[in-house]
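Engineer: coordinates for the following, if possible.
(one chain, ligands or ions: 1)
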Amino acid sequence: MKQAKNDTQNENKFKIKVTKNGPYLASGGIPLSEQVICVDNDDQCHGWKEGKKYPPQESYALCRCGHSQNKPFCDGSHARVKFDGTETANHKTYMEQASEINGPSLKLTDVQELCVGARFCHRAGGAWKLTQQSGNSEAKQTAIEEICDCPSGRLVAWEKNGKAIEPNFEPSIGLVEDTQAKKMGPIWVRGGIPVESADGKPYEARNRVTLCRCGKSSNKPFCDGSHLK
Ligand code: FES
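Structural biologist: From the prediction side, this is the model:
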């Protein structure tokens with residue numbers, strides 16, 4: 001896995017703005033596509049595949065209330081349903097909130113609040129146990145795969161020298177499709193695109209972030225897995 005690109009490269013060109021009780025405004029020509037959770041022969045979530053690609057647009061509005069008839073785009077239904085999109089997430093950095101597990105050759109950091117229930121971390125005993133077994137190279141490799149597949153960046157793997165192991169994402173937006181659960185998942189913001197709250201305050205720009213698109217999250221604008229309930 002390569003280190004992610006410097007997030008600051010994307011700060012000027014790309015942006016996602018949360019609007020008050022309305023959609024996300026994506027600007028800068030951010031590529032948009034479906035991203036589908038793959039399931040292996042043991043019924044475990046394992047890897048991603050790209051689905052439908054949307055035609056490029058300089059800017060577009062993505063529904064976050066869950067009621068648009070023109071998903072993934074906003075059609076104004078948020079006003080009709082009187083969507084309450086109040087942002088309840090904190091503005092702390094990931095590392096300010098993270099707990100950590102130290103294995104023999106890998107460290108795992110975890111912010112449980114960011115979990116979207118994508119389940120990649122369950123395979124082969126789970127990412128936490130595999131981290132503790134990371135003296136074994138196969139366990140270490142599986143742990144890294146699982147942690148890097150986590151769309152929200154709840155989980156981050158670190159080499160013992162302190163270097164984060166991140167998937168190399170181009171700035172882009174993925175619309176998560178959870179075919180196993182038969183649900184639409186979150187909006188997956190990749191490659192360090194800044195997300196700004198309705199009041200203008202930025203959230204930490206990260207390589208992996210997931211935004212609610214069903215309107216039910218208790219941690220808006222971030223997904224908290226409520227689409228699965
Ligand atoms: S946010 Fe506008 S229709 Fe959902």
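Engineer: who in the protein is up against the ligand?
Structural biologist: Residues of the chain found near the ligand (CB under 6 Å from any ligand atom) are Gly22, Pro23, Cys63, Arg64, Cys65, His67, Ser68, Cys74, Asp75, Gly76, Ser77, His78. No exception for glycine: its C-beta is placed from N, CA and C like everyone else's.
Engineer: and which of those is nearest to His227?
Structural biologist: In terms of CB to CB, no member of these lies closer to His227 than Arg64, at 11.8 Å.
Engineer: give the contact list for that closest one.
Structural biologist: 18, 22-24, 74, 78, 83, 85, 187, 211-213, 215, 220-221 (CB atoms under 8 Å, 6 or more residues apart in numbering).
Engineer: before we move on, the earlier item: buried members of the residues of the chain next to the ligand into ChimeraX, please.
Structural biologist: The buried subset of those, as determined by 16 or more other CB atoms under 10 Å, is captured in ChimeraX by this line:
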select :22,23,63,64,65,67,68,74,77,78
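Engineer: okay, Asn12: pLDDT?
Structural biologist: Listed pLDDT for Asn12 reads 71.
Engineer: what do you get for Asn70?
Structural biologist: On the pLDDT scale, Asn70 gets 98.
Engineer: helices of the protein, start to end?
Structural biologist: According to DSSP state H, the chain carries its helices in the segments 77-80, 94-97, 127-132, 137-149.
Engineer: out of these, deepest packed?
Structural biologist: helix 127-132 (a mean of 22; mean count of other CB atoms under 10 Å).
Engineer: which strands and helices sit next to that helix?
Structural biologist: strand 99-102, strand 107-110, helix 137-149 (3 or more CB pairs under 8 Å, 6 or more residues apart in numbering; DSSP states H and E).
Engineer: in CSV: these, plus mean pLDDT.
Structural biologist: What follows is the helices and strands packed on helix 127-132, written out as CSV (pLDDT from 0 to 100):
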stretch, mean pLDDT
strand 99-102, 96
strand 107-110, 98
helix 137-149, 97
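Engineer: can the ones you listed go into a markdown table with extra columns for distance to Val39?
Structural biologist: Shown next, in a markdown table, are the helices and strands packed on helix 127-132 (distance: least, CB to CB, whole Å):
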| stretch | distance to Val39 |
| --- | --- |
| strand 99-102 | 26 |
| strand 107-110 | 23 |
| helix 137-149 | 12 |
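Engineer: closest one to Gly225 among the ones you listed?
Structural biologist: Closest to Gly225 of the helices and strands packed on helix 127-132 is strand 107-110 (CB to CB; 14.7 Å).
Engineer: let me see the residues that make contact with that closest one.
Structural biologist: Strand 107-110 is contacted by residues 94-95, 98-101, 127-128, 131, 143, 147, 154-160 when judged by CB under 8 Å, 6+ apart.
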